[in-house]
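In: next comes the sequence, and after it the predicted model I'd like to discuss.
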Amino acid sequence: MTRKDIQFRAIRIVVAALVVIDAYLLWPSAKPAPGVEITSNEAAEYAYVAYAQREVFHRPDCKWAKRVSPQNLVRFKTREDAMESRRRPCNFCRP
């Protein structure tokens, strides 16, 4: 590899990292909503929850589910209901 190839690859890595950081900062669901938590009453009533605009469903106690604001929260009583809504299980909490 030449020095020019190494520099080009380094620049590509830096640009990719900046894009990821920028997307995280601009993505509203990536930031935790201040003071928003799913209550234990909701957790008892609903077995699974999801963000309205995403294709993943979670357990109510999942760290990603806790970041969803209440107005964007979709609730499911059974796993089958969540799967029928064309959502997939979270890879973190594995509902």
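Out: Ah, there it is. Because the structure is predicted, anything quoted here is derived from the model rather than measured.
In: which residues in this protein form helices?
Out: 3-26, 40-45, 79-84 (DSSP state H).
In: lowest average pLDDT across the ones you listed?
Out: Sorting these by mean pLDDT places helix 40-45 lowest, at a mean of 53.
In: list the buried residues of stretch 85-94.
Out: Within stretch 85-94, the residues scored as buried using 16 or more other C-beta atoms under 10 Å are 87, 89-90, 93. To be clear about C-beta, it is placed using only N, CA and C from the backbone, and glycine gets the same treatment.
In: again, but for stretch 69-88
Out: Buried residues in stretch 69-88, counted by 16+ other C-beta under 10 Å: 73-76, 81-82, 87.
In: which of the residues you listed sits closest to residue 1?
Out: Distance to residue 1, by C-beta to C-beta, is smallest for residue 87 among the buried residues of stretch 69-88, at 44.0 Å.
In: now do the contacts for residue 86.
Out: Residue 86 sits next to residue 55 when contact means C-beta atoms under 8 Å, 6 or more residues apart in numbering.
In: check the gap between the residue nearest the centre of the chain and residue 9 for me.
Out: For the chain, residue 64 is the residue whose C-alpha lies nearest the centre (C-alpha atoms, centre = their mean; 5.4 Å). According to C-beta to C-beta, to the nearest Å, residue 64 stands 32 Å off from residue 9.
In: ok, for the residue nearest to the centre of the chain, nearest residue in space, not its chain neighbours?
Out: Using C-beta to C-beta, 6 or more residues apart in numbering and skipping the chain neighbours, the partner closest in space to residue 64 is residue 58 (5.6 Å).
In: many thanks, have a good one.
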